[in-house]
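# sequence first, predicted coordinates after that:
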Number of protein chains: 2
Amino acid sequence: MAESKSTNITWHAGQVTRKDREKVLGQRGVTLWLTGLSGSGKSTVAVAAEHALVERGRLSYVLDGDNVRHGLNKNLGFSPDDRTENIRRIAEVAKLFTDAGVIVLTSFISPYRADRDAARAIFGEGDFVEVFVSTSLETCEERDPKGLYKKARAGQIPDFTGISAPYEAPERPELVLDTGKLAVPESVAALLRYLDGKGYLSA
Amino acid sequence: MAESKSTNITWHAGQVTRKDREKVLGQRGVTLWLTGLSGSGKSTVAVAAEHALVERGRLSYVLDGDNVRHGLNKNLGFSPDDRTENIRRIAEVAKLFTDAGVIVLTSFISPYRADRDAARAIFGEGDFVEVFVSTSLETCEERDPKGLYKKARAGQIPDFTGISAPYEAPERPELVLDTGKLAVPESVAALLRYLDGKGYLSA
């Protein structure tokens, strides 16, 4: 029977706890917060890690621009306030998924330390893992998969992270992955080793 | 190998699909959108249904005021615009969970037809199931578990649904549960029968 430690719940007898869901899934909920420059490989690594996890029978879910910017955060622009609210909402959603027992991978540049620290602050101990995708600006700009750096250098995109807006590198990330040096499978292996070593891959 | 039907995804080879996640879970993702008056039994039924599902090894998750109003939607008040935005965000989050393969139960009064229809509209066919918890105002007011009706009748709560603000009943809900007539286990059984009958309980 599920145990509830909430005090203000009287008529919710038998409430399911996070532990119960984690037992069903055979894993522990966690948010892997990937941060890094545009083109650093965040999405590639996130998607490949999700694939590796699902192949191992784990439930993983990627939150990225594709499924968040056009939905939940479609009423936000790119002003400083909107950027902060963007990250805040993503963190709150990731927290809900984590509470559901899911291994979440978020893939957003999230360039400001204050926003990432605010995100971390809403999570419980061990539920938030900051993954710095530390690929150098030079490498990202060489890759330029969407041609954005070229446009930014030409002054066609204002406030472009790394060019005309700051990227504040994490000071104490739990994990650092430089995809300029590591191949994607190596980055994924590092992530999975971390998860396994910390006990996230069993309930 | 995962199949992707997206056309603008080039460097995400091997992207995990919803189907892959559903296979891991042995179920199909869906949102059961519970709507009804305060005290109608939405939360009781949602929590009991989550319990029954998790006991059967399924992954279910309840979105309700407790985990949404104090987190994701803590910057929203109770103005008409904020109420609409409240429901919009909840729907978007439920959609993400549904895409992750989870059986979501949302428990919000959601009194306006337009807001619920807007919620339904963002979901794919069969992913949104409107559950009208149709318990009568008289029964809800008799129960008055939080003493809110008493306060509303005394004019201490403005715009209280059913008293001083409208509740627009669903016109074509997929399911109707009157907890004034059905015991909680009967309501849960009806929900599970629906899910089973429609094939949501297998991948």
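Noted; the coordinates are in hand.

# A:Val176 belongs to a helix?
No. Read with DSSP: H, G, I helix; E, B strand; the rest coil, A:Val176 is strand and lies in no helix.

# enumerate the beta-bridge partners assigned to it.
A:Phe132 (DSSP bridges).

# A:Ser134 versus that one, what's the distance?
5 Å (CB to CB, to the nearest Å). The way it works is simple: take the backbone N, C-alpha and C, and place the C-beta from them, glycine included.

# identify the residues contacting A:Gly147.
Contact analysis of A:Gly147 by CB atoms under 8 Å, 6 or more residues apart in numbering or on different chains lists nothing.

# and it, how far from A:Pro158?
In terms of CB to CB, A:Gly147 sits 16 Å off from A:Pro158.

# still on that earlier bit, neighbour count for A:Val176 and A:Ser134, which is higher?
Just comparing A:Val176 and A:Ser134: by other CB atoms under 10 Å in any protein chain shown the higher neighbour count belongs to A:Ser134, 21 against 15.

# for chain A, name the helix or strand with the lowest mean pLDDT.
In chain A, the helix or strand scored least confidently by mean pLDDT, DSSP states H and E is helix A:65-68, which has a mean of 91.

# summarise which helices and strands it is packed against.
Identification of packing neighbours for helix A:65-68 by 3 or more CB pairs under 8 Å, 6 or more residues apart in numbering or on different chains; DSSP states H and E yields helix A:80-99, helix B:80-99.

# pull out the buried positions in that helix.
A:Asn67, A:Val68 (16 or more other CB atoms under 10 Å in any protein chain shown).

# before we move on, the earlier item: so which of the helices and strands packed on helix A:65-68 gets nearest A:His51?
Closest approach to A:His51 among the helices and strands packed on helix A:65-68 is made by helix B:80-99 (15.7 Å; CB to CB).

# other residues contacting that closest one?
Helix B:80-99 is contacted by residues A:61, A:63, A:67-68, A:71-72, A:75, A:89, A:93, A:96-97, A:100, B:18, B:29-31, B:33, B:61, B:63, B:68-69, B:72-73, B:76, B:104, B:106, B:108, B:110, B:112, B:115-116, B:118-119, B:122-123, B:127 when judged by CB under 8 Å, 6+ apart.

# can you rerun that using 6 Å?
Here helix B:80-99 makes contact (CB atoms under 6 Å, 6 or more residues apart in numbering or on different chains) with A:71-72, A:93, B:18, B:29, B:31, B:72-73, B:76, B:104, B:106, B:110, B:115, B:119, B:122-123, B:127.

# give me the phi and psi angles of A:Val104.
When read as degrees, to the nearest 10, the backbone of A:Val104 gives phi -90, psi 140.

# residue numbers of chain A in contact with chain B?
By CB under 6 Å from any CB of the partner chain, the residues of chain A that approach chain B are A:11-12, A:14-16, A:20, A:24, A:44, A:47, A:50-51, A:54, A:57, A:59, A:61, A:71-72, A:92-93, A:100.

# excluding its backbone neighbours, what's nearest A:Ser60?
Distances taken as CB to CB, 6 or more residues apart in numbering or on different chains put A:Leu53 closest to A:Ser60, at 3.9 Å, once the chain neighbours are dropped.

# how about A:Thr106?
By the measure of CB to CB, 6+ apart, the closest residue to A:Thr106 outside its immediate chain neighbours is A:Leu63, 4.7 Å from it.

# phi, psi of the one you found?
phi -100, psi 120.

# that one: neighbour count?
Neighbours of A:Leu63 under the rule other CB under 10 Å: 24.

# I figured it was touching A:Leu105, is that so?
No. In this structure A:Leu63 lies outside contact range of A:Leu105 using CB atoms under 6 Å: 7.3 Å.

# strands of chain A, start to end?
Here chain A has its strands, by DSSP state E, at A:30-35, A:60-64, A:103-107, A:128-133, A:175-177.

# follow-up on the earlier one: among the contacts of helix B:80-99, the buried ones, what's the ChimeraX command?
The following ChimeraX line selects those of the contacts of helix B:80-99 that are buried, judged by 16+ other CB under 10 Å:
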select /A:71,72,93 /B:18,29,31,72,73,76,104,106,110,115,119,123,127
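
# so which of the contacts of helix B:80-99 are in helices?
Residues of the contacts of helix B:80-99 located in helices (DSSP state H): A:Val93, B:Arg18, B:Asp115, B:Ala119.

# in a markdown table: the residues you listed, plus distance to B:Leu195.
Formatted as a markdown table, these follow (distance: CB to CB, whole Å):
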| residue | distance to B:Leu195 |
| --- | --- |
| A:Val93 | 24 |
| B:Arg18 | 17 |
| B:Asp115 | 24 |
| B:Ala119 | 19 |
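
# and the residues you listed, which two are the farthest apart?
B:Arg18 and B:Asp115 (25.4 Å).

# what about A:Ala118, how many neighbours?
Counted with other CB under 10 Å, A:Ala118 comes out at 14.

# okay, A:Phe203: pLDDT?
Rather than Phe, residue A:203 is Ala. The model reports A:Ala203 with a pLDDT of 89.

# surely it meets A:Gly26?
Yes. If you go by CB under 6 Å, A:Ala203 and A:Gly26 touch, sitting 5.2 Å apart.

# wait, what's in contact with A:His70?
Listed by CB under 6 Å, 6+ apart, the contact set of A:His70 is empty.

# next one, pLDDT for it please.
For A:His70, pLDDT reads 91.

# can you pull up the most central residue in chain A?
A:Thr106 (2.3 Å; CA atoms, centre = their mean).

# about what we covered before: reformat the helices and strands packed on helix A:65-68 as TSV; add mean pLDDT.
Below are the helices and strands packed on helix A:65-68 laid out as TSV (pLDDT from 0 to 100):
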stretch	mean pLDDT
helix A:80-99	96
helix B:80-99	96
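
# closest one to B:Glu141 among the ones you listed?
Counting by CB to CB, B:Glu141 lies closest to helix B:80-99 out of the helices and strands packed on helix A:65-68; the figure is 21.7 Å.

# gap between the closest one and the chain center?
10 Å (CA atoms, centre = their mean, to the nearest Å).

# tell me the buried residues in that helix?
The neighbour-count check on helix B:80-99 (16+ other CB under 10 Å) flags B:83, B:85-99 as buried.

# output it as CSV, nothing but the C-alphas.
Taking C-alpha atoms only, helix B:80-99 is exported to CSV below (Å, rounded to 0.1, in the frame of the first residue of the first chain):
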residue,chain,number,x,y,z
PRO,B,80,-10.3,35.2,-16.7
ASP,B,81,-7.0,35.4,-18.7
ASP,B,82,-5.0,33.6,-16.0
ARG,B,83,-7.6,30.9,-15.7
THR,B,84,-7.4,30.3,-19.4
GLU,B,85,-3.6,30.3,-19.4
ASN,B,86,-3.8,27.9,-16.4
ILE,B,87,-5.8,25.3,-18.3
ARG,B,88,-3.7,25.9,-21.5
ARG,B,89,-0.4,25.1,-19.7
ILE,B,90,-1.9,22.1,-18.0
ALA,B,91,-3.1,20.8,-21.3
GLU,B,92,0.3,21.3,-22.9
VAL,B,93,2.0,19.5,-20.0
ALA,B,94,-0.5,16.6,-20.1
LYS,B,95,0.2,16.4,-23.9
LEU,B,96,3.9,16.0,-23.2
PHE,B,97,3.2,13.3,-20.6
THR,B,98,0.9,11.6,-23.1
ASP,B,99,3.6,11.7,-25.7
